[in-house]
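Peer 1: Below is the sequence, then the predicted model.
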Amino acid sequence: MASVIVTLRIMPATPETNFDKVYEAASKHIRNFVDQKHKDGEIRKEIEEIGFGLKAMKLLFVMDENIGTTDKLEENIKSITGVESVEATDVRRAIG
């Protein structure tokens with residue numbers, strides 16, 4: 001039972017999207033999705049400049065690899081107001 005570090009890239013619907021509100025809602029979805037062992041783990045937020053004033057938000061978190069794909073989580077986050085798209089851009093095994 002290994003842990004994996006997942007990076008989700010969230011693209012906003014508009015440049016005016018409030019990332020703090022999106023982060024709050026996405027964090028709830030992530031905590032409901034991950035296993036009990038990782039439920040209280042850190043969810044790191046990074047803002048990435050795309051261009052022309054548009055930014056993306058990356059969320060990094062740890063989950064058990066036995067959960068499988070993040071497809072359902074991505075669908076849930078995509079339903080958040082202000083979110084245009086969600087994509088898992090990186091999934092790698094945690095060492096240690």
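Peer 2: Yep, that arrived.
Peer 1: Residue 15 is in contact with residue 53, isn't it?
Peer 2: Yes. Here residue 15 lies in contact with residue 53, judged by CB atoms under 8 Å, at a distance of 4.7 Å. Bear in mind the C-beta positions are built from the backbone N, C-alpha and C, glycine included.
Peer 1: low-confidence ranges in the chain?
Peer 2: When residues are selected by pLDDT under 70, those of the chain lie in 96.
Peer 1: how far away is the residue of it positioned farthest from its centre from residue 29?
Peer 2: Of all residues in the chain, the one whose C-alpha sits farthest from the chain's mean C-alpha position, using CA atoms, centre = their mean, is residue 52 at 23.2 Å. Separation of residue 52 from residue 29 (CB to CB, to the nearest Å): 28 Å.
Peer 1: Where do the helices of this protein begin and end?
Peer 2: Assigned helices in the chain, in chain order: 19-33, 71-78 (criterion: DSSP state H).
Peer 1: re the thing from before, and the residue farthest from the centre of the chain, backbone torsions?
Peer 2: Reported as degrees, to the nearest 10, the phi and psi values for residue 52 are phi 60, psi 40.
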